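Q: 3D, please:
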Amino acid sequence: MITYPNCKINLGLKILEKRKDGFHNLESVFLPVPWYDALEIIENKKKSSQKAVFTSTGLSIEGDKESNLCVKAYNLLDDIYTLPPIKMHLNKIIPMGAGLGGGSSDGAFTLKLLNEIFKLELSNTQLQKYASQLGSDCPFFIPNRPSFVTGRGEKLKKTALDLSGWNLLIIHPLIHINTAEAFRNVIRKKSKHPLHELPNWNLKKWPSWIENDFEGYAFQTYPKLKNIKETLYRKGAIYAGMSGSGSAIFGFFHEKIKIPKSWSNYTCFQSTLEKSI
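A: Here you go, the predicted model:
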């Protein structure tokens, strides 16, 4: 059985405080984006030393296979429900270290697909609980809808945000920003505009009202990112910003735009958004 994990972008990201458990409390609005990996899982009828045989194509994935969130998701459910052995293959398309949550999506979609294949009959609430054990962004990809996000990223509140009809352009300039390093250097700013009210704002207010606390550090360390954001505005973006802790920069336009030749070596994604993916 095949599924297609999508990524997300952050519309604003405020870091509120560091928690006793080492994580940070934050506020953000997550928007699902129709840029997909492909994940296939089948039951493994052949004898193997591993219960979950994992392979991948596409972008190279760092680290050993046991640390991959897809494998961790299987092991998590297997410890509880004793699942049959499987083979799973991931075609990795969504850039990593980009603030797009691609790895988190892969882990969450693994939980959902295993639930479907083996008829575990787990509710979304149960799946979100398991997803929170994989990573802070993972629970979002269970309901996979626009959400106001708090806590360390696991507390979700459905939002009425509707950006259907807008053209979204995402630029990943092949810069990998380490999340832990970004948190160590984050520059927190107070905001007069609570993000939970974002769906009520006129889009023209977004450039001055929405802030991502990671942009200060990221733009200072990698000036290229700031230049990309400024270029998007020069090309007519209604709003442009960095997703998560970076390094992907995105912009919303009235219609599709021509990608500059200077970005030919970057990974670019462009799509007209629908109400839901």
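
Q: mean confidence score for the one helix or strand G251 maps to?
A: Assigned by DSSP states H and E, G251 belongs to strand 249-253. Mean pLDDT, computed over strand 249-253, is 98.

Q: now could you export just the CA positions of it as PDB?
A: Output of strand 249-253 as PDB, limited to C-alpha atoms (Å, rounded to 0.1, in the frame of the first residue of the first chain):
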ATOM      1  CA  ILE A 249      11.900  30.500   2.100                       C
ATOM      2  CA  PHE A 250       8.400  30.800   0.700                       C
ATOM      3  CA  GLY A 251       6.100  33.400  -0.800                       C
ATOM      4  CA  PHE A 252       2.500  33.800  -1.800                       C
ATOM      5  CA  PHE A 253       1.700  35.300  -5.200                       C
END
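
Q: Grab the longest helix from this structure for me.
A: In the chain, taking DSSP state H as the definition, the longest helix is helix 102-117.

Q: Output it as CSV - backbone C-alpha positions only.
A: Provided in CSV are the C-alpha atoms of helix 102-117 (Å, rounded to 0.1, in the frame of the first residue of the first chain):
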residue,chain,number,x,y,z
GLY,A,102,9.2,16.3,5.8
GLY,A,103,10.7,13.7,8.2
SER,A,104,8.0,14.3,10.7
SER,A,105,5.4,13.8,8.0
ASP,A,106,7.0,10.5,7.0
GLY,A,107,6.9,9.2,10.5
ALA,A,108,3.2,10.3,11.0
PHE,A,109,2.1,8.8,7.7
THR,A,110,3.8,5.6,8.6
LEU,A,111,1.6,5.4,11.7
LYS,A,112,-1.5,6.1,9.7
LEU,A,113,-0.6,3.5,7.0
LEU,A,114,0.2,0.8,9.5
ASN,A,115,-3.1,1.5,11.2
GLU,A,116,-4.9,1.0,7.9
ILE,A,117,-3.0,-2.0,6.7
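
Q: Show me what secondary structure element comes after it.
A: Tracing the chain C-terminally past helix 102-117 and defining elements by DSSP H and E, one meets helix 124-132 next.

Q: buried sites along that following helix?
A: Neighbour-count burial for helix 124-132, counted by 16 or more other CB atoms under 10 Å, picks out 127-128, 130-132. C-beta coordinates here come from the backbone N, C-alpha and C atoms, glycine included.

Q: which residues touch it?
A: Residues from elsewhere that reach helix 124-132 (CB atoms under 8 Å, 6 or more residues apart in numbering): 73, 76-77, 107-108, 111-112, 115, 122, 138-139, 141-143, 154, 156.

Q: run the last query once more with 6 Å
A: 76, 108, 111, 138-139, 142-143, 154 (CB atoms under 6 Å, 6 or more residues apart in numbering).

Q: could these be laid out in CSV, adding secondary structure, neighbour count and distance to A180?
A: Output for the contacts of helix 124-132, formatted as CSV (DSSP: H, G, I helix; E, B strand; the rest coil; neighbours: other CB atoms under 10 Å; distance: CB to CB, whole Å):
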residue, secondary structure, neighbour count, distance to A180
L76, helix, 19, 22
A108, helix, 30, 21
L111, helix, 28, 24
C138, helix, 29, 17
P139, helix, 27, 20
I142, coil, 24, 25
P143, coil, 16, 27
E154, coil, 19, 18
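
Q: Between which two of the residues you listed is the distance greatest?
A: With CB to CB as the measure, no two of the contacts of helix 124-132 lie farther apart than L76 and P143, at 18.9 Å.

Q: picking up where we left off before, out of the buried residues of helix 124-132, which is nearest to K46?
A: Set against K46, the nearest of the buried residues of helix 124-132 by CB to CB is Y130 (27.4 Å).

Q: Give me the local confidence score for the closest one.
A: Value listed for Y130 in the pLDDT field: 98.

Q: secondary structure class for L90?
A: Under DSSP: H, G, I helix; E, B strand; the rest coil, the three-state class of L90 is strand.

Q: Pairing partners for it in the sheet, please.
A: L39, S56 (DSSP bridges).

Q: ok, back up a step: what's the strand holding G251 in contact with?
A: In contact with strand 249-253 (CB under 6 Å, 6+ apart) are residues 9, 166-167, 169-171, 225, 228-229, 232, 236-240, 242-243.
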